[in-house]
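Student: the amino acid sequence is not available; the structure is as follows:
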């Protein structure tokens, strides 16, 4: 059961309306209400902003979504001419079905930022230990083939299913897939290592860097073959898919895969999930804001906002929404810099907010 030690902690977790997955819902003020409940009043650059739900076709809507495989909870207040969207990313993204975390004594939320920088994650064919045995690699991310052969680059934070379609020098082909998480704090980090001897004895093991391993299950070509922490097994000639399902004491469960060539011709493929993260950032429970003005979008995450925060003053109960979920009103203040992708101009947004929030 989710717990809140204080009202600011509640907002940090449930900042923006989670009414139903991937479905927007307008929040209706109670009958007879004459004062707008949901408001955003302040400035966007030199423009005065006065958004009040119910006036000038301004509405408050909510949505929960997945951005690159990460939960993103957001709400939007505005009309066709001007709207503000505030969202917060989930965290603990490597834990299976993670509970909403508890924030004690926290009254601010930081902003996510993605600088113009090297890739967050990169794999180069030429850096692989057996690159001489590989003719080419075609990379696939979340079902989409990537434009560059051999070298994979991931520039946006997220949780991805990455597949390597490998063509070896003898033109044989294999595919290996693993989950890759970049830009979010890991609760567990490990490498899957192996060696195979001339006697066809395979030894594979887990090397943890973060977290404590509770158990390991080993699979060969889809069939479980061991539940020991280290695998020692004789394998027949041919190419074999070896997988380790690793469970950590903190609740992380991860399945890693490698390709082992028992013909001893060097046509192996290694665990690429962790070792190639090259630019560490952490977007856990960080916020992202978007303003849409006259059809142009302005974003907070593409310009520095290290000194800016969302300030929470108060959260109080509002009532039930049309889906029967409890709705709360957040009262607070936001100061953040925004820019569009089409311009170098940075525009400050400074608003006092009365925003809707609800529980799952």
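Tutor: Nice, I can see it. Only a predicted model underlies this, so the values are computations on that prediction, with no experimental measurement involved.

Student: for stretch 255-269, buried residues please.
Tutor: Buried residues in stretch 255-269, counting neighbours by 16 or more other C-beta atoms under 10 Å, are found at 256-262, 267-269. The C-beta positions use only the backbone N, C-alpha and C, and glycine is treated the same way.

Student: ditto for stretch 176-196
Tutor: 176, 178, 180-192, 194, 196.

Student: in strands, which of those appear?
Tutor: Under the assignment DSSP state E, these contribute 176, 178, 180-182, 189-192, 194, 196 to strands.

Student: reformat the buried residues of stretch 255-269 as TSV; add secondary structure.
Tutor: Converted to TSV, these look like this (DSSP: H, G, I helix; E, B strand; the rest coil):
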residue	secondary structure
256	strand
257	strand
258	strand
259	strand
260	strand
261	strand
262	coil
267	coil
268	coil
269	strand
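
Student: can you list these in JSON lines and add pLDDT and distance to residue 125?
Tutor: Converted to JSON lines, those look like this (pLDDT from 0 to 100; distance: C-beta to C-beta, whole Å):
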{"residue": "256", "pLDDT": "96", "distance to residue 125": "20"}
{"residue": "257", "pLDDT": "97", "distance to residue 125": "18"}
{"residue": "258", "pLDDT": "97", "distance to residue 125": "16"}
{"residue": "259", "pLDDT": "98", "distance to residue 125": "15"}
{"residue": "260", "pLDDT": "97", "distance to residue 125": "19"}
{"residue": "261", "pLDDT": "97", "distance to residue 125": "17"}
{"residue": "262", "pLDDT": "96", "distance to residue 125": "23"}
{"residue": "267", "pLDDT": "96", "distance to residue 125": "14"}
{"residue": "268", "pLDDT": "96", "distance to residue 125": "14"}
{"residue": "269", "pLDDT": "96", "distance to residue 125": "11"}
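
Student: let me know the outermost residue of the protein.
Tutor: residue 199 (43.3 Å; C-alpha atoms, centre = their mean).

Student: any idea how far that one lies from residue 261?
Tutor: Residue 199 sits 15 Å away from residue 261, taking C-beta to C-beta, to the nearest Å as the criterion.

Student: what do you get for residue 293?
Tutor: 57 Å.

Student: what do you get for residue 143?
Tutor: 27 Å.

Student: same thing with residue 286?
Tutor: With C-beta to C-beta as the criterion, residue 286 and residue 261 are 43 Å apart.

Student: before we move on, what about residue 186?
Tutor: 30 Å.

Student: and residue 291, by the same measure?
Tutor: From residue 291 to residue 261 the distance is 54 Å (C-beta to C-beta).

Student: what are the bridge partners for residue 296, then?
Tutor: residue 293 (DSSP bridges).

Student: you'd agree it is up against residue 341?
Tutor: No. Residue 296 lies out of contact with residue 341 (C-beta atoms under 8 Å); the separation is 9.4 Å.

Student: no further questions, thank you.
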